[in-house]
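Student: Coordinates for the following, if possible.
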Amino acid sequence: MRTIRVETSAATILLTEAPEPKVRDRQTGEIAKDVNSGEALMTIGVVYIEEGESSLIKVTVPESGVSEGLTLGAPVSLPGLVARPWESVFNGQQRHGIAYRSAAVTPAAFPAAMGATA
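Tutor: This next block holds a predicted model:
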């Protein structure tokens, strides 16, 4: 499926769930790995706010892309954020959604208030 780059420059992104290993197989506890590098993958939860609307999303990040100093509720940056539509059949039911992936997650600053002077 096609990968769609997500433009984040006009958005405020707040960390809602701390990074944790992405589980590939829940029965065995196997951790998901990047198919190209073999690096362990992590998931984070964020609220993505843009133009007065917000969405809670999960984002996959390589373990090496998780920066130190992340704080729940604080703004973060997601460089290289992409969205990939997916679909599958699970227990005979068609499922679909959007998977998000970023090259990294780093602390960011709150955007300056509209009309504020320096």
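Student: residues in contact with the helix-or-strand element of the chain with minimal mean pLDDT?
Tutor: Least confident helix or strand, the chain: strand 23-25 with a mean of 89, by mean pLDDT, DSSP states H and E. For strand 23-25, the surrounding residues in contact (CB atoms under 8 Å, 6 or more residues apart in numbering) are G29, E30, I31, A32, K33. Glycine gets a C-beta too; all of them are placed from N, C-alpha and C.
Student: partner strands of it, parallel or antiparallel?
Tutor: Here strand 23-25 is paired, per DSSP bridges, with strand 30-31 (antiparallel).
Student: Could you pull up the mean pLDDT of the strand it pairs with?
Tutor: The average pLDDT for strand 30-31 rounds to 92.
Student: moving C-terminal of that strand, what's the next helix or strand?
Tutor: strand 41-50 (DSSP states H and E).
Student: Who are the packing partners of the next helix or strand after that next one?
Tutor: Under the assignment DSSP H and E, the closest C-terminal helix or strand after strand 41-50 is strand 53-62. Helices and strands touching strand 53-62, by 3 or more CB pairs under 8 Å, 6 or more residues apart in numbering; DSSP states H and E, are strand 12-21, strand 41-50, strand 93-101.
Student: okay, those, which one's buried deepest?
Tutor: Comparing the helices and strands packed on strand 53-62 by mean neighbour count (mean count of other CB atoms under 10 Å), strand 41-50 ranks first with a mean of 19.
Student: Now that G97 has come up, it's in contact with W86, right?
Tutor: Yes: G97 is in contact with W86 according to CB atoms under 8 Å; the separation is 6.0 Å.
Student: can I get the helices and strands packed on strand 53-62 in JSON lines with distance to A108 and mean pLDDT?
Tutor: Below are the helices and strands packed on strand 53-62 laid out as JSON lines (distance: least, CB to CB, whole Å; pLDDT from 0 to 100):
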{"stretch": "strand 12-21", "distance to A108": "7", "mean pLDDT": "97"}
{"stretch": "strand 41-50", "distance to A108": "11", "mean pLDDT": "97"}
{"stretch": "strand 93-101", "distance to A108": "17", "mean pLDDT": "94"}
